[in-house]
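Asks: I would like to see how this sequence folds:
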Amino acid sequence: MHESTVSRVTTNKFVHTPRGIFELKYFFNSGIGKTDGDSVASESVKLKIKELVGNEDPKKPLSDQKIVELLKKDGIKIARRTVAKYRDMLKILPSSKRKKYF
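Replies: Numbers count the residues shown, from 1 in each chain. All right, here's what the predicted structure looks like:
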């Protein structure tokens with residue numbers, strides 16, 4: 001099944017488990033394509049973005065485009081818009097607002 005079909009079907013549907021109530025989407029990760037034809041889970045890409053931003057120079061923060069280029073070096077194909085979306089989900093500010101002038 002296509003990822004968009006699963007996403008549409010699982011929207012606003014919940015499951016009651018011994019560990020609590022979860023939206024069905026919680027159990028499905030989308031994949032990001034790699035240059036070698038495989039895919040990597042979106043959650044691991046988010047962790048990679050968080051790591052890159054955490055290790056950046058505060059005086060010269062990484063732009064979304066630069067993050068795309070760094071991920072591409074690791075073999076991860078991702079759009080700048082997707083990086084921006086994941087950055088927002090991780091509550092990471094844009095590079096212009098992360099810049100420190102000290």
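Asks: What are the buried residues along the helix or strand bottoming out on mean pLDDT in the chain?
Replies: Lowest by mean pLDDT, DSSP states H and E among the helices and strands of the chain is strand 31-33, with a mean of 74. For strand 31-33, burial by neighbour count (16 or more other C-beta atoms under 10 Å) applies to residue 32. C-beta: built from backbone N, CA, C; applies to glycine.
Asks: Packing partners of the longest helix seen in the chain?
Replies: For the chain, the longest helix by residue count, based on DSSP state H, is helix 42-54. Counting contacts by 3 or more C-beta pairs under 8 Å, 6 or more residues apart in numbering; DSSP states H and E, the secondary-structure elements packed against helix 42-54 are strand 31-33, helix 64-73, helix 80-89.
Asks: Out of those, the one nearest residue 19 is which?
Replies: helix 80-89 (22.5 Å; C-beta to C-beta).
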